[in-house]
Structures are given as structure tokens and as C-alpha cells.
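Student: I'll drop the sequence and a predicted model, then ask my questions.
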Amino acid sequence: LATHEFATGAATPDQPFPPARNPWMPDRQPGGSSSGSGAAVSAGFCAGAMGSDTSGSIRNPAGWCAISGLKPTYGLLSRRGVFPLAPSFDTVGPMAWTAEDCALMLDVLAGHDPDDSDTKPFAAADFSTIAKEDFPIAPRFAFMRTPVWDKADPETQRAFEQLAGKLGDACVQAELPAEFAEGWKVHRTIMFAEMAHNLGEIADRGSDMISKVLRELIDEGRKIGAVQYQDALAEARAIADSLAGYFQHCNAILTPAARGAAPKSLAATGDPVFCSLWTL
């Protein structure tokens, strides 16, 4: 399982092992930072694996490796043993061949853990049973292009528009309010400030072993002031609250996990622009 430096999505140039490759086309990127998990499941080495997701690190490799990946509700699964990157967003979740297999993994993993204060005491659902049930009513979907739709490849845009068309009356096209355009900046502010807090001392101690990319991210995080960080947290809550209203009219949102097909590059894990907003 070739890893990325602190799950930031950048492989260190002098790492002593080769990068993970996409099992379908080995010259292409498998996505990340949960690259090895996505590639191993997709290649049939295992039936399921765990991924971590702070910006898109489960959804991105699941999409490019053609498997099912689930970033679950924040706090549903314990992060005990996972090194913190940005705890406001850090989430772990299953990656498997099918959604039903992800449900099997959730049955084992979901629940309260006193060692992770963001998990809450509750009775976890029977996910496997739910996954097998027929819908009690016909589901309705909201197709959301989001304010970054122009970053999607033309093939991606066509595929999603065709899917929305095939769903017919079961799918409505929904636009996000203008304030959602700030979501990517808000996510970056929170993530980088928390990265600087959690990784700064490590980077200072081992500066000769830390990549230039990570040092630059930490430096950016250190420039974020306390008021700016608190403002971002408040704005994140406001954006999430306004999104809740959509679920009075639909059961799920359709939107891409990546710009398009896996790129022919193993140097970086791709742009998480289609995942960051939903993390926020």
C-alpha cells in the first residue's frame, strides 16, 4: 500500500518504494490519498479496505479505481489510531467492490468509541439489512453541478447530464446559492490551519525529511489567524445548515467525485475540487 505523506496526497520524491498504480491502466493515477486501498480492492487483492478522507481521499480513488467508496457521516466511525491531519474533517470509511460490501464493513465498524470524542453514544443502524431493502417510496435525486462545474471534463459533464436525463422525473436539477462559492476557501482555511497545528512541530523537527509541498502547506496554515479560523468554522456551519433544506425535496445528491477519468500521471493524486465542498 504505497502511502502519501501524512495523507496530503503528495508522494515524497525520494520515497523508497514505487507509487500505487491504477489496476485498470497502470500508467494512470489510482487517486488518493487512499491510493493503495483503492488499488488493492480494485485489483482483487482483498474484498475491502479502509480509507481516510479529509478532502476526498476515499471518494477520489474509489471513483478512479471503479469501486464503491463511502465517506460516512462525520463521527459514525472511530478514528482511533489515525494520525490527525485536520480533525474537523478527518473521516475514515470503507472501500469495497459494492455498496453492499461497504454496508457489511459498516456493521462491524460503526459505533461509539470513548477514544474518539467526535463519535457519539448511539445504536448503529443495521446497514446490511438496509442495503438489501426495497425503497419504501421512489427515490428522488438532485443533480448539482456546483459552482466549479466548469472544471469538469466535457465527458464528465455529458455523462452526468445523460444520467440526469435517464432518471427523468425522479431527478431535479438544483442550483446552490451564491454563498456556496466560498465553500472551497472556507474548507482550505480550516484544513490548513489544523494541518499547521498538527504537523508543524513534526515538520520543524524533521525538516530534511519533509517534502517541499508539505512545508509550503504548513507555512500557509501558520499564517491563518485565530479570528480568521473561527470565522471559517462559523461559515462552515452556516453552509451546512442551508444545505439541509434540499433534503426536504430529495433523498440524495448526484455530483461528480472527480473532474474526469484518471490522469496519466503518478506524481500527484488529482484535484479534490468536486469533493471538498461536501466534506465541508
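Tutor: Structure received.

Student: which stretches of this protein form strands?
Tutor: Counting by DSSP state E, the chain has these strands, from start to end: 48-53, 68-69, 91-96, 141-144, 171-174, 252-254.

Student: Glu235 reaches Val186, doesn't it?
Tutor: Yes - between Glu235 and Val186 a contact is recorded at 5.0 Å, counting by Cβ atoms under 8 Å. In this view, the C-beta of every residue, glycine as well, is placed from N, C-alpha and C.

Student: quick one, which of the two is more surrounded?
Tutor: More neighbours surround Val186 than the other of Glu235 and Val186, with 22 against 18 (other Cβ atoms under 10 Å).

Student: so what's the more buried one up against?
Tutor: Taking Cβ atoms under 8 Å, 6 or more residues apart in numbering, we find Val186 in contact with Ala232, Glu235, Ala236, Ile239, Leu280.

Student: how does it look with 6 Å?
Tutor: Going by Cβ atoms under 6 Å, 6 or more residues apart in numbering, Val186 touches Ala232, Glu235, Ala236.

Student: my read: the last one touches Leu280, true?
Tutor: Yes - using Cβ atoms under 6 Å, Ala236 and Leu280 qualify as a contacting pair, with a distance of 5.4 Å.

Student: Settle it for me: which of those two has more neighbours?
Tutor: In this view Ala236 and Leu280 are compared by other Cβ under 10 Å, and Leu280 has more residues nearby, 24 against 20.

Student: excluding its backbone neighbours, what's nearest the more buried one?
Tutor: Spatial nearest neighbour of Leu280, excluding adjacent residues (Cβ to Cβ, 6 or more residues apart in numbering): His187 at 4.5 Å.

Student: For the closest residue to Ala110 other than its chain neighbours, give its distance to Ser276.
Tutor: Distances taken as Cβ to Cβ, 6+ apart put Ala124 closest to Ala110, at 4.0 Å, once the chain neighbours are dropped. Counting by Cβ to Cβ, to the nearest Å, the separation of Ala124 from Ser276 is 27 Å.

Student: who has more neighbours, these two?
Tutor: Taking neighbours as other Cβ under 10 Å, Ala124 and Ser276 compare with Ser276 leading, 21 against 14.

Student: wait, isn't the residue nearest to Leu280 in contact with Ser276?
Tutor: Yes - with contact defined as Cβ under 6 Å, His187 reaches Ser276; the gap is 4.7 Å.

Student: just for the stretch 1-150 of the chain, where's the confidence low?
Tutor: Scanning the stretch 1-150 of the chain for pLDDT under 70 picks out 1, 9-16.

Student: which residues of it fall in helices?
Tutor: Using DSSP state H, counting those that start in this stretch, the helices assigned to the stretch 1-150 of the chain run over residues 35-43, 59-64, 99-109, 127-132.

Student: Give me the contacts around the longest one.
Tutor: Residues lying outside helix 99-109 but in contact with it, judged by Cβ under 6 Å, 6+ apart, are Gly48, Ser68, Leu70, Leu77, Pro94, Ala96, Phe127, Ser128, Ala131.

Student: chain center to that helix, what's the gap?
Tutor: Taking Cα atoms, centre = their mean, to the nearest Å, the mean C-alpha location of helix 99-109 is offset from the chain mean by 18 Å.

Student: between the strands of the chain, which gets nearest to Thr119?
Tutor: strand 91-96 (11.0 Å; Cβ to Cβ).

Student: Quickly run through the sheet partners of that closest one, with directions.
Tutor: Strand pairing for strand 91-96, using DSSP bridges, gives strand 48-53 (antiparallel), strand 68-69 (antiparallel).

Student: okay, the angle between that strand and helix 35-43?
Tutor: Between strand 91-96 and helix 35-43, the angle comes out at 20 degrees (axes from the mean of the first three to the mean of the last three Cα atoms, to 10 degrees).

Student: Can you list the neighbours in contact with strand 91-96?
Tutor: Residues contacting strand 91-96 (Cβ under 6 Å, 6+ apart): 37-38, 41, 48-53, 58, 62, 68-72, 74, 77, 79, 102, 105.

Student: Thank you kindly, that will do.
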